[in-house]
Structures are given as structure tokens and as C-alpha cells.
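Participant: Make a model of this:
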Amino acid sequence: MKLGGLLLSLYVSLVFILVSTTLPAVNECDLNLDNCSANATCSNTETGFECSCTTGYEGDGLNCTGILGECTSGSSWSRWMSEDTPVYVEGDVQLLSILRSKYPDEVCASPTAVRGRSKDTGLVYSMTQNFLSIHNLLGLICSDVKQNIRTCDNYEVQFCCRDRPVIAYDSPACGTNAVCTNTDKAFRCTCLVGYTGDPTVKCTDIDECSNELSKCATHASCENNPGSYTCTCNVGFTGNGSVLCTDVNECLENQNLCPHPSECSNNVGSYECVCKDGYQMDGGVCGDINECSLPDICNNPSASICVNLPGTYRCDCNDGFVLNEQGACIDINECDVGNVSCAPNSKYSDCINTVGSYTCTCKDGYIGDGLSGCIDVDECVTQLGVCGDSAQCENTLGSYTCTCKDGYTGDGKFSCQDIDECSTRKPCTENAECSNTLGSYLCECKNGYTGVGDISCTNINECENTTICTENADCIDTVGSYECNCKDGFVGDGNVYCSNINECENKDSNECPDTATCSNTDGSYTCACIKGYTGNGLECQDIDECFNEKSVCARNAVCNNTVGNYSCVCNTGYTGDGSTICQDINECSTFKCRENSECVNNVGSFDCECVDGYESDGSLCTDINECANTTNPPCPVNGKCKNTPGHFACECLDGYQKDGELCSNINECTRNPCHFEAVCEDTDGSYTCTCNSGFTGDGKTCTDINECLTNTQTCSGNATCTNNKGSYACDCNRGYTGDGVLCEDVDECSEGIDDCGVNSECINEDGGWTCDCKPGYTGDPGVLCEDIDECKTDNTSCDTNSLCENTIGNFICACKPGYTGDGKKQCTDINECEISNKTCGENATCTNNVGSYTCSCITGYTGDGINCEDINECELHTPPCHTNADCVNTDSSFTCTCKYGYIGDGIT
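Facilitator: Take a look at the predicted model:
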């Protein structure tokens, strides 16, 4: 409440106090004694009154302004208005008066609210009528034309007027099918998803099906809806239509589609009936194939007979044969089946399969008939000399072993050779020599080394004896020895003598050149250059006396250097000995020049010089054409020369004017000969016109370049180019951000402005985004993606011997009991018999089956395979031994021994 309202309230309160005893309370609101705003309501109180802004307005009640974007009841917004060209505003001139003068029938005298909109950003702001507030809020690009004058463009303005009727475009704030989003000091109108157009006026439905915006799945049809579209799977397919349409397996849904003996085969979008194996199509009916009519249908006809059956056939095998998986009759290997009667302890005998039968023989190293028993043969006793020399024989069950004695190697049976430890083991230390002996070896340190041969041999440093080499020799210790080498400049064996070498006696023994002398020294030599040469003795260069000693010859003489010496000769035009004196010869005293020339004596020579205005042609003096002299032209720069006899004249060229002795350039640009969008540049003797940047032409005529139609613009491929006078502008397209030259894709996914549904993934694309259900989910990715129960489909890829378990967003394949693997690619049978030797009981054999296993007691034992007990054959109802023999039970077998007075095998 302002001061005026406060004073009025105090006055009214005072009156109330004075007359309260005799008068009723004063209602300022009814008496219009309040000073509330026209956009406020007055509420009477005991002590005065209160002012409150009405809906759509805000303030202290005394002053109420329109709330952002609202136009109060009884008022209406005008249409969006703007200038076709930039508006020029000076100082505090109000935008209202500018637009009222342009739109007198549409802009009211006292608008209750004003709002502006940027054409570039689409943002709508509430604002004052002041122009500066407009361009600051909208973020318009405004440039200074001159002091206190600015120009802005790309804006629109609306006015809320009480005295104007409400029209269709005034309510609501945004157009049909658009949503209003409040921002800081503004709001934004955006078309709903599936609509396009001006969101402040009207948004129309996008037909996604006709403009390829729909993203229906393969095998689906698109149907446009208001603001959206639906995808429906085609006949023969099922799914949500938008993400996935999978083939309907008619064969699973109706198992009676095809008559017997045919089976249903699913196709993409359809199915067909196919005859089962063993049947063939005949007139639309599946008839049985008589496989027995085919030649050699059974792999071994001599061992089997073919029996035709409906849809198949059977090969019945003869006795002694069994049918394999390929349908062939193969011989039964009784030895593998185990139904044989070889020796009780079968590990000492071998079963040999024959066609339809088998035989039993004792294994090598045993003796017997293979049926009743096999006894071990002690080869070390029965076969003396079975092992080689230097070997030991040891009997084993069913065999024997021959082992070479220590220090020998070999197979033990045929040969045992002495081990050469020196070549095989290398037992000696480094720098030791190994000597082989029978069954052993000897290690001795090499010459020049000391120590124990099989432990360590260290080098002897002979050079520690300083007298070991002769004088003028160097001792070099080597590994295991030493060397004596004569020093440089000496020759000898190094051990007894080293004599000095006289390198000067032999030219090949020194490096002195021919221009130097050689002097022998003890162990070496020196080289010194001879007179007339200089250098270090190894390289000697000729001394150029003419260069090093400039006064060696007389003045006006030439010094000629020679190898190791020099000579002096007077120059031409001089006479003397060259070494001490050279005097000038005056040729003009004896020689007369031609006409128009005069003789001039020079130091050492003379010249015949033509008089002024003439020049020599080699023999005569002719008139000089001064105008032909290009090296030193007689006329000033930018002048032209005209030759005359003995003289010349100068005139200025076009574009130049006489300026004393010079020819000065004329500045043609002072006449403004160029186009107003061109720059004039004065040149030497002329001028050039160059169109300004953004224009083209010869300079005298310049037209605007539309950079957007040429390759000169630098806009991004994801931006729109707008040509301006003399320039252009780049604006990034929707879905991109940047300065127009560089436009980067807006990642709606990372900024969280996508509309993807639950359990879906946002995939950013250039200028937009797409939504896909996460792996293991299906549905509309823009709304909801639900878990796929892969175990109910044919797409689990689980192995036939595995079980499928559905999980959230995925599934698990686990092998069935008795199988192992990853469940998906492979589930193989577990061979329980190979996992542990304790799978079955002791004295039992394990037989692996597909997905399981069985345990069977071995021959001579009985039980369930887990617990096997020895069979006491002697207690059987029918004893195995002869009546005149004694039966003795053994582990897994028995023995029969004839009683005293009887002979035989105890059985027969």
C-alpha cells in the first residue's frame, strides 16, 4: 500500500475514532474512498480497507500488472504483430506507439498486458512497453545504427486489450493440439507428439504412415491415428506390430492340420503338409515306401533279412550278429559283451573274437589253456641269459624286466652300453675337461686354469708376472692363457724381443707426403713440410705468396703464384721489372683519336672518348639516342622521351601531370567513378574498382552474392543458410545446436528429453532419437516394454537335452541331469564312469548310458553293482569240480584239484 492510501486510511481511522460513539463504521469500499487499482478488489476491515489484485494480475493492490502470459476476463489478446523490416527505436520511444500507428484498428490505447515472442527460439515473454526490455528478454540480435538508435528484427508482439472483443486466437495461450510449458519469465508452446505446425495457432496431425515417419516392424501394416499411428501384424504373424511381428506357427496351434501320415511344416506366414519319413506323396496321399524293394537296403545281406513295415523297415540279423544304428548286421563281439567263459581270472587270459564265436588264450608271460587257468612264467629262471650283459633280470606278473646296472644304459635285454657322462650330462665345471671311464668319469682343470674340475676352475692371470713379456711389449691376459704384443712402432714376437721400426726407410711405412720430410723416432716418426709449403706434415699445402704477402710485387704489377714459388709481371699500360717498379705509359702523346672524339690518358691505359651527345659504335662516334637509354632514362618516371639531334624532350604519360621536373599521378577516385558498394583504389596512372565483400561485379556494377546458392558459405550440413545483403546467416536445424557453422547433434538421450517408455533404451540419432525395447523385452518402446518369456517361444536356442528357465529380460538354459555343457550350444552326456573310480562298488564294472549309467558285478561276484560279494562256486548246487576232486574257493574264482589217487585237471 502506497503513502496516499496510508494517509487516507489514517484519516478515515481518525474520523472513526471521533464519531464511533455516535456513528456506524465507515465502509470505504462502498463509499469509493479507497484508491485500489482498477485491477484490484477492495475489502472493508475494522480499521480501514485492503486492496487485493484480481486473478490474472499481481502487485500490492494499489498497482496491479498483468501476470505473465495471462489476459484477464473481459480482455483478449491481439494477433501476433511484427514489422516486415527492422524497427528503428530512438531513446525512450515506446514500441506501443510504433505498432499503434501501423495497426490502428488492432492495438488498443491502454493494453493491460504485453507479451513478445522470438521467432528464432519460440520463447514467449511478458514485458513492459519499453523497447529495451523487449530486446533484452527475447535475446534478439540488435545492432547500433547510430547514437541512441537501434534496429532489431525476428520478433513478434501481442497486446491484451479490455475494449476489444474476444476472438478465437486469443484463448488459450497456445494453439489446438499444443502444450504450454512455463519457463523463467516466459512460457513455450510446443506441438504435442504426433502433431506439427505453429503451436501458438494450431497443430495438425502428422500422417506418419505416408511420410515414412512410422517405425512399424517387418511384416506389419501402418494405420494413422490422430497424433499417432498403430502398427498391426499381417495375417500369419503375431506381435505388437511396432517392434516385432513373429511368424505364427500354425503347426503348434493346431496339431490336426495335416492328415496321417503327413506332418505340418511351418513356413513364414503360412504352413504346408509334408509326408513323414518312409512315406511319399502319391496323388495327394502319403503312401508307404517299400524299402525292401531297394537293392542292398540292409548293409550285410548275407547276415540279415529285410522286413517291410508301415513307414519304415527292419533288418533282422542272423545268429551271431546284431543290428547297429546304421541298420547293418554286424558280428557280435562276445569278448566285449562279457558273455564268455575264459579263465576265471580274466586279466591273465585274452578273449579273441571270431565270426559267430570266440576263443580263449593265456596272455604273454602266462601258461595254460586259457579256459581253466593261466600261471605266471618266471622268465628269469626258465630263460637264463634273457637279459644282456651288465643287466639285471627281475620277474613280474606275466613278464619280466631287464635293467642296466649303474653306469650303463640301454634296453637291458639286448645291450647295456657304458654311459659317457662327458657327452650326456656334462658333469664338469666350466674350463675343465671331462674324461670318461667305465661307469664313471674324471674332471681336470684346463691349462691356464686352477681348481677342482667338478667344482670350480678359475683363470690364471699370467700378466701379474711383470717379466713374462719382453721390453716394449704389452701383456694381455686371456681366458686360460696370455698374449705378448709389441707396442706400436716396434716389431718382434713380444716374448723375446721387440725392435724399433724405422718408418722413414720404407715409403709404405709412413704417411708423409712428397712435400714433407720424414724423421724417425723411438717407436714412431715425424713429418715436416718442405720450404714453400705449410701444414702439419701429414698434409702440406702450397703457400700462395701472392695471397699471404700482398707487398711481394711492385705497385701496378700482378703476382703469379707457382708451386713452391711466385713471379711478378707489370700490368698492361705499365713498364718495369714488376718486383720493384712499374711506371704508367702516356699513350695520348703518341696516339691521335678519330673525329668527334678526344684522347684521355688513364693510369695504365688510355681512352678515346666521344664528345657530349655522341657515343662510339666501335669505330666512329655517332649521335646518342637518349630516349633509348632504359638503364638511366633521361625523362622522369611516368614521362615519355622524344629524341632530337644531340638532345631530347620529355612529356608526361596519360594519367599523370607535370609537377616541376616530375610527372605526378592523377587521383581518379576523387571523381567517385565506382559503384556505391565498391571500393575505389587509386593506382599509378590509373584506378581500380573492387566490389565489397558479399557482392560481385566489375566494381562499376555490383550485385549481392547469394552465398547460400554457391559454395562460398560455410554453414554446417545440419544448418539452414539465409542470404542477407552482402552476407548470409547460418542457423542449426531442429535437433542440432551450435553457431550454424558447427552444428552438433543434440543427444536427447543423455539430456533426458526423450519420451522412451519403461524397460526401453533411448538411441540417439542425427537430429532426433529412437526408442527400442531392451533385449529380452517387447512392446511399445514409447510406452511400456514387457518381459519376453523366451521359454514359451522357439527362439531360446536351448539344447534338446537342457531345460529353459525364464528370467527378467532374459532366460537361462541348464542341462538336464546326466548331461553337462553350457545349456545353449551343447549338452553332452556325462560319462559318470570316467568321473570317479568310486561310481560303482569294488569288483564291479561301470557302463555309461545316455544320461545315466549302470553298475554290474564282474565275473565271480554277485550283487547290485554297488555292493558285490564273491561267489563261492564250491557251494553251488552243481559243483564245478569233478566228483573225485576237491574244490577250493578263491577271490572271484575257484580251483579244482584231483584227490589223492587221481590225475587230471580236476574238472573232467
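Participant: What is the neighbour count of the residue nearest to Cys317 when sequence neighbours are not counted?
Facilitator: Nearest residue to Cys317, sequence neighbours excluded (Cβ to Cβ, 6 or more residues apart in numbering): Cys329, at 3.7 Å. Heads up, the C-betas are built off the backbone N, CA and C, glycines and all. Applying other Cβ atoms under 10 Å, we find 22 residues neighbouring Cys329.
Participant: Hmm, Cys329 is touching Ile305, no?
Facilitator: No. Judged on Cβ atoms under 8 Å, Cys329 makes no contact with Ile305 at a distance of 9.1 Å.
Participant: For these two, list the residues in contact with both.
Facilitator: 298, 315, 318 (Cβ atoms under 8 Å, 6 or more residues apart in numbering).
Participant: of the residues you listed, closest to Ile812?
Facilitator: Using Cβ to Cβ, Cys315 is the member of the shared contacts of Cys329 and Ile305 that lies nearest Ile812, at 43.0 Å.
Participant: where exactly do the helices run in this protein?
Facilitator: 3-19, 95-102, 131-138, 250-253, 334-337, 379-382, 421-424, 545-548, 748-751, 832-835 (DSSP state H).
Participant: how far does the last one sit from the chain's center?
Facilitator: On the basis of Cα atoms, centre = their mean, to the nearest Å, helix 832-835 is displaced by 48 Å from the centre of the chain it belongs to.
Participant: what's that helix packed up against?
Facilitator: Helices and strands touching helix 832-835, by 3 or more Cβ pairs under 8 Å, 6 or more residues apart in numbering; DSSP states H and E, are strand 844-849, strand 852-857.
Participant: what would those strands look like in TSV with distance to His219, mean pLDDT and mean neighbour count?
Facilitator: Below are the helices and strands packed on helix 832-835 laid out as TSV (distance: least, Cβ to Cβ, whole Å; pLDDT from 0 to 100; neighbours: other Cβ atoms under 10 Å):
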stretch	distance to His219	mean pLDDT	mean neighbour count
strand 844-849	45	89	16
strand 852-857	44	88	17
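Participant: Which one, of those strands, ends up nearest to Cys222?
Facilitator: strand 852-857 (54.8 Å).
Participant: How about residues contacting that closest one?
Facilitator: Residues contacting strand 852-857 (Cβ under 8 Å, 6+ apart): 818, 831-833, 839-841, 843-847, 863-866, 868.
Participant: repeat that for 10 Å
Facilitator: Contact partners of strand 852-857, identified using Cβ atoms under 10 Å, 6 or more residues apart in numbering, comprise 338, 817-818, 829-835, 839-848, 863-871, 892.
Participant: now swap in stretch 749-761 and tell me
Facilitator: Contacts with stretch 749-761, where a contact means Cβ under 10 Å, 6+ apart, come from 193, 243, 746-748, 762-765, 768-787, 808-809.
Participant: do that again at 8 Å, thanks
Facilitator: By Cβ under 8 Å, 6+ apart, stretch 749-761 touches 193, 748, 762-764, 769, 771-774, 777, 779-787, 809.
Participant: what does stretch 805-823 give?
Facilitator: For stretch 805-823, the external contacting residues (Cβ under 8 Å, 6+ apart) are 759, 774-777, 787, 789-792, 796-799, 801-804, 824, 827-830, 832, 850-852.
Participant: got a pLDDT number for the nearest residue to Ala557 once chain neighbours are set aside?
Facilitator: Computed as Cβ to Cβ, 6+ apart, the closest residue to Ala557 that is not its neighbour in sequence is Gly578, at 4.3 Å. Here, the pLDDT recorded for Gly578 equals 83.
Participant: Next, work out how far apart Gly578 and Gly373 are.
Facilitator: Per Cβ to Cβ, to the nearest Å, Gly578 is found 139 Å from Gly373.
Participant: and if you look at Leu709?
Facilitator: Distance of Leu709 to Gly373, given as Cβ to Cβ: 111 Å.
Participant: which one of these two has more residues nearby?
Facilitator: Gly373 (22 against 11).
Participant: any idea how the protein splits into domains?
Facilitator: Per automatic domain parsing, the structural domains of the chain span 3-64, 463-500, 544-574, 667-704, 790-829, 872-908.
Participant: nearest to Phe159, of these?
Facilitator: So among the domains of the chain, domain 3-64 is nearest, using Cβ to Cβ, at 15.0 Å.
Participant: which stretch in the helices of the chain has the least confidence?
Facilitator: Looking over the helices of the chain, mean pLDDT reaches its minimum on helix 3-19, with a mean of 34.
Participant: Got a ChimeraX select line for the buried ones in the contacts of stretch 805-823?
Facilitator: For the buried members of those, the matching ChimeraX selection, counting by 16 or more other Cβ atoms under 10 Å, is:
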select :759,776,777,787,790,791,796,798,799,801,802,804,824,827,829,830,832
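Participant: Now stretch 273-282: average pLDDT?
Facilitator: Per-residue scores along stretch 273-282 average to 86.
Participant: circling back: burial measure for the residue nearest to Ala557, as a count.
Facilitator: Neighbour count of Gly578, defined by other Cβ under 10 Å: 20.
Participant: Identify the residues contacting it.
Facilitator: With Cβ under 8 Å, 6+ apart, Gly578 has these contacts: 553-554, 557-558, 567-570.
Participant: go with 6 Å
Facilitator: 553-554, 557, 568-570 (Cβ atoms under 6 Å, 6 or more residues apart in numbering).
Participant: Give me the phi and psi for it.
Facilitator: Backbone torsions for Gly578, taken as degrees, to the nearest 10, come to phi 80, psi -30.
Participant: Tell me which stretches of the stretch 651-800 of the chain form strands.
Facilitator: 656-659, 662-665, 678-683, 686-691, 695-697, 702-704, 719-724, 727-732, 736-738, 743-745, 760-765, 768-773, 777-780, 784-787 (DSSP state E, counting those that start in this stretch).
Participant: Adding distance to Thr458 and mean pLDDT as columns, could you present the ones you listed in JSON lines?
Facilitator: Formatted as JSON lines, the strands of the stretch 651-800 of the chain follow (distance: least, Cβ to Cβ, whole Å; pLDDT from 0 to 100):
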{"stretch": "strand 656-659", "distance to Thr458": "104", "mean pLDDT": "85"}
{"stretch": "strand 662-665", "distance to Thr458": "101", "mean pLDDT": "90"}
{"stretch": "strand 678-683", "distance to Thr458": "95", "mean pLDDT": "92"}
{"stretch": "strand 686-691", "distance to Thr458": "94", "mean pLDDT": "92"}
{"stretch": "strand 695-697", "distance to Thr458": "96", "mean pLDDT": "92"}
{"stretch": "strand 702-704", "distance to Thr458": "99", "mean pLDDT": "92"}
{"stretch": "strand 719-724", "distance to Thr458": "85", "mean pLDDT": "90"}
{"stretch": "strand 727-732", "distance to Thr458": "84", "mean pLDDT": "90"}
{"stretch": "strand 736-738", "distance to Thr458": "80", "mean pLDDT": "91"}
{"stretch": "strand 743-745", "distance to Thr458": "76", "mean pLDDT": "92"}
{"stretch": "strand 760-765", "distance to Thr458": "76", "mean pLDDT": "91"}
{"stretch": "strand 768-773", "distance to Thr458": "79", "mean pLDDT": "91"}
{"stretch": "strand 777-780", "distance to Thr458": "80", "mean pLDDT": "88"}
{"stretch": "strand 784-787", "distance to Thr458": "81", "mean pLDDT": "84"}
